[in-house]
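Participant: Provided below are the primary sequence and the corresponding predicted coordinates.
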Amino acid sequence: MTTVASRVVRSSPHRNTSDTWAFIVDLLTQGKDSDARKELLSVAGIASSVIAERGPGDAAILVTCEGPRTRVYCIYDDAAIEGGDAKEDDLGYDPLKGHWVISLPCPEEDLEWIQRALKAKSIRITARDMTQILGEEAEAGKSAASGGLTLNVDKFLKS
């Protein structure tokens, strides 16, 4: 199983969508000026649109690299103002180490134009239907459905 870290970022109305993306970029680049930062900032308008449509509210912005995977969610409305559910602390690793890619969740009706716009700016940053369940999320869903407990029958029987 891959190590996964999650962050929950306060968005609208605490931050506007552009500022939310800028915060996410700072989180992922650890504030360093780099080619990755320039690439992430080059899609700021598109990513801000995804954030405005609340794609990252239920489905994570997924970041994969040679290290742990990172999931970034956004919270909105009263939750964003109160901030109690936010988890905006720095990551203890480089989330863009080596070969990295980012998948932005978006509504199905916007998917085609967002994919086209992203493709014109980056090969590393893509979009997916926000209702699409990916491998790790499906496993997490199965675990949650079983009350968060998973029984390894083979290990249990060997004990």
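Facilitator: That came in fine, so what should we check first?
Participant: Give me the nearest residue to Leu40, chain neighbours excluded.
Facilitator: Val25 (4.6 Å; Cβ to Cβ, 6 or more residues apart in numbering). C-beta coordinates here come from the backbone N, C-alpha and C atoms, glycine included.
Participant: Tell me the gap between the strand or helix carrying that neighbour and the middle of its chain.
Facilitator: Per DSSP states H and E: Val25 is located in helix 17-29. For helix 17-29, the separation from the chain centroid amounts to 11 Å (computed by Cα atoms, centre = their mean, to the nearest Å).
Participant: Buried residues of whichever helix or strand comes after it, list them for me.
Facilitator: With elements assigned by DSSP H and E, the helix or strand that comes after helix 17-29 is helix 35-42. Residues 36-37, 39-40 are the ones in helix 35-42 that count as buried (16 or more other Cβ atoms under 10 Å).
Participant: Check stretch 105-117 too.
Facilitator: Residues of stretch 105-117 classed as buried by neighbour count (16+ other Cβ under 10 Å): 105-106, 110-111, 114-115, 117.
Participant: With just CA atoms, put that stretch into CSV.
Facilitator: These are the backbone C-alpha positions of stretch 105-117, laid out as CSV (Å, rounded to 0.1, in the frame of the first residue of the first chain):
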residue,chain,number,x,y,z
PRO,A,105,-11.3,16.7,-10.1
CYS,A,106,-13.9,18.5,-12.1
PRO,A,107,-17.6,18.2,-13.0
GLU,A,108,-18.3,15.9,-16.0
GLU,A,109,-19.8,18.8,-18.0
ASP,A,110,-16.6,20.8,-17.8
LEU,A,111,-14.2,17.8,-18.2
GLU,A,112,-13.6,18.1,-22.0
TRP,A,113,-12.7,21.8,-22.0
ILE,A,114,-10.6,21.6,-18.8
GLN,A,115,-8.6,18.6,-20.2
ARG,A,116,-8.0,20.4,-23.5
ALA,A,117,-6.9,23.6,-21.7
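Participant: could you show me where the helices are in this protein, in order?
Facilitator: Secondary structure of the chain (DSSP state H): helices at 17-29, 35-42, 44-52, 55-58, 77-82, 108-121, 135-145, 153-158.
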